[in-house]
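Student: sequence and predicted structure below; questions after.
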Amino acid sequence: MRDLKASKQKKTKSNRRKQVPQPRDWKKLFHRLLRVSIAAGSGFLLSAGALLTAQMLLDSGYFGVKLVRVEHQVRVSEGDILASSDIQIGDSLFALDLSMIGRKIEEDPWIAKAEVERSFPDQIVIRVVEREARAIIDLDYLYYVDVTGEVFKMLDGNDDLNYPVITGIDRQYLLDNPDKTQGCLNLALRLMDTLEGRSLFNLDDISEIHYNQQEGLILYTDIGGVPVLLGDDGFDAKLDRLEKIFEDLEPRLLALKYIDLNVTDRVIVKLDVKHAVGSS
């Protein structure tokens, strides 16, 4: 039998390592603190020196604008772009608000996008993307439409009128239904793209593209203003059918009331009775 009394008297060994106080190496600690202080002081001096150098360069005009380059402009003159930017020779590169300058240049209706960049040490580069007029839309006044379908500029006396005219969309409809208007314009531009690659009946043969909410797109021929009903899809197939007979129709356009391409596999040609009677 175990001697419980003896067990109680037996000392339990500690599971902790007995720590013996070590004397501090004050010399080593002092050198470590000295190195840290020197490093921190050096960093501060370097930063201060860099800031001082930068300030001196700024004050000296080293980063002042000496040249403004304009790239990719064709229609809009370099002088007009520079005037819109309001950048002056000697302006600090860092003081210029490049985003604001770009927005000011884009106020010109022919400029779709303007990117302004710093070119160190003393230049500014302005890269522009100009709009390309694709059609004219009648909104009580005539406006250009670009290749993306955006209405962007009211025509003045110096503008070229040699573009297809889109009608059937008034100003109020555009303001009330911008998304639907964009869809109509994109549809008209798609039809123009289809017509452009053709030889027998193409953009040169039309004077107007009219949009009707019920009937879709209606072309008007350049000769006689004959309506050509096209709807809103299947343009290639419909124009293929028209081109098969267009050589025979062209001399008689003045006697036609309309041409309907919306019936599958045929072309419906309606004579203008009044004209036919008058010419008989």
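Tutor: Alright, I've got the coordinates. Residues are numbered from 1 along each chain as shown.

Student: how close does Phe85 get to Asp222?
Tutor: Small correction: residue 85 is Ser, not Phe. Relative to Asp222, Ser85 is positioned 43 Å away (C-beta to C-beta, to the nearest Å). (C-beta placed from N, C-alpha, C; glycine too.)

Student: how does this protein divide into domains?
Tutor: 67-130, 133-279 (automatic domain parsing).

Student: higher neighbour count, Ser85 and Asp222?
Tutor: Ser85 (21 against 14; other C-beta atoms under 10 Å).

Student: report the buried residues of stretch 226-239.
Tutor: Within stretch 226-239, the residues that count as buried by 16 or more other C-beta atoms under 10 Å are 226-230, 232, 235, 238-239.

Student: my bad, should have said stretch 137-145
Tutor: So stretch 137-145, judged by 16+ other C-beta under 10 Å, has buried residues 137-139, 142-145.

Student: got it, and stretch 83-99?
Tutor: Neighbour counts over stretch 83-99 (16+ other C-beta under 10 Å) mark 84-85, 87, 93, 96, 98 as buried.

Student: span of it from start to end?
Tutor: 16 Å (C-alpha to C-alpha, to the nearest Å).

Student: try stretch 72-84
Tutor: Per C-alpha to C-alpha, stretch 72-84 runs 16 Å from first to last residue.

Student: and if you look at stretch 168-187?
Tutor: End residues of stretch 168-187 are separated by 13 Å (C-alpha to C-alpha).

Student: now swap in stretch 244-261 and tell me
Tutor: 12 Å.

Student: which residue ranges form the helices in the stretch 101-250 of the chain?
Tutor: Taking DSSP state H, counting those that start in this stretch as the test, the helices found in the stretch 101-250 of the chain are 171-176, 178-196, 235-249.

Student: if I look at the closest residue to Arg134 other than its chain neighbours, how far off is Gly234?
Tutor: Computed as C-beta to C-beta, 6 or more residues apart in numbering, the closest residue to Arg134 that is not its neighbour in sequence is Val147, at 4.8 Å. Using C-beta to C-beta, Val147 is found at 23 Å from Gly234.

Student: what do you get for Tyr211?
Tutor: 17 Å.

Student: likewise Met192?
Tutor: 16 Å.

Student: pLDDT weak spots in the stretch 1-150 of the chain?
Tutor: Across the stretch 1-150 of the chain, the ranges flagged by pLDDT under 70 are 1-31, 33-34, 36-61.

Student: just the strands from it, written as ranges.
Tutor: Ranges of strands within the stretch 1-150 of the chain are 67-71, 111-119, 123-130, 133-139, 141-146, based on DSSP state E, counting those that start in this stretch.

Student: show me what the first one is packed against.
Tutor: By that I understand strand 67-71. helix 78-85, strand 123-130 (3 or more C-beta pairs under 8 Å, 6 or more residues apart in numbering; DSSP states H and E).

Student: which one of the ones you listed is the most hemmed in?
Tutor: strand 123-130 (a mean of 18; mean count of other C-beta atoms under 10 Å).
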